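**Q** Show me how the following folds:
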Amino acid sequence: MCLFVSSYTKKVIKGVLLVFLTSSLWSQSNGTSFKSSQIKYKRVKTAYDSKWVGLQKLLISKGLATENIEIHLRSFKREKELEIWARNKGAKQFTLLKTIPICATSGDLGPKRKEGDGQIPEGMYHVSWFNPMSDYHLGMKINYPNLSDKKKAKGSRPGGDIMIHGYCVTIGCIPLQNEPIEEVYVLCVEAKNAGNDVGVSIFPFRMNEKNWEHFQTAEKKHEHYEFWTNLKIAYLYFENYKTMPNFKINKSGDYEFHTN
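**A** Predicted coordinates:
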């Protein structure tokens, strides 16, 4: 769960507002109405006013249309970087738009396994809802814990409320500065507006051979060797094909990637 710095009263009020917000936003079945409902909030409208024209130019410069886009985010904990990838609906490959610094971190390399451990999750996720009234400027919640996290959790409480958000403070979330979170948020709203889910892959590090050899020596395997070996399949597939493999999660909580 991310660190909250607001007063108790403010949290209670915001909590009530978020319950209403979540139910109202996700009750929308039409993509256009989703975007319209988001722009009603001042921070989102401000983000669109200041960022959307530049983002449209960026998309066009990459040979992409500005409507019906898909977005995939890749986060690397050791490098403290977030990549934004985009493609037109139905295209085979994503194109890298931007790499953004992650401005704060918590915990160690390795997956999140219980509530309060301060860890940032690792695995395959998607954006589950948008928060235009976040305590951290703008926020997008990922679907942690997913089935893998639940099956591999230590104890009965794996934690939750993992966000990609603004303001440079975190316990377990992925924080960006306010300027770049506005860009990420707008692009993800556009994807959701077109009826497309926003995928989020979180890796401990860039799983190239140099880094892999650093963490997985012949003399001693890292404690997360098996889990990271599992994630490496998705990392290498995306590096080679610029798209995510299909996957399911088995009874042990491992990802089974279909790479054919």
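**Q** which stretches of the stretch 101-250 of the chain form helices?
**A** Along the stretch 101-250 of the chain, the segments classed as helices by DSSP state H, counting those that start in this stretch run 147-152, 178-193, 209-215, 225-241.
**Q** Comparing those helices, which comes out most buried?
**A** Highest mean neighbour count among these (mean count of other CB atoms under 10 Å): helix 178-193, with a mean of 23. The way it works is simple: take the backbone N, C-alpha and C, and place the C-beta from them, glycine included.
**Q** Export that one to CSV, keeping only CA atoms.
**A** Extracted C-alpha coordinates of helix 178-193, given in CSV (Å, rounded to 0.1, in the frame of the first residue of the first chain):
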residue,chain,number,x,y,z
ASN,A,178,3.8,15.2,-11.7
GLU,A,179,4.7,16.2,-15.2
PRO,A,180,5.3,12.7,-16.5
ILE,A,181,2.4,11.1,-14.6
GLU,A,182,0.1,13.5,-16.5
GLU,A,183,1.5,12.1,-19.8
VAL,A,184,1.2,8.5,-18.7
TYR,A,185,-2.3,9.1,-17.4
VAL,A,186,-3.6,10.8,-20.6
LEU,A,187,-2.2,8.0,-22.8
CYS,A,188,-3.7,5.4,-20.6
VAL,A,189,-7.1,7.1,-20.6
GLU,A,190,-6.9,7.2,-24.4
ALA,A,191,-6.3,3.5,-24.5
LYS,A,192,-9.1,2.8,-22.1
ASN,A,193,-11.3,5.2,-24.0
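**Q** Pairing partners for the nearest residue to residue 201 once chain neighbours are set aside in the sheet, please.
**A** In space, and not counting its chain neighbours, residue 201 is closest to residue 74: 4.9 Å by CB to CB, 6 or more residues apart in numbering. Residue 74 has these beta-bridge partners by DSSP bridges: residue 83, residue 201.
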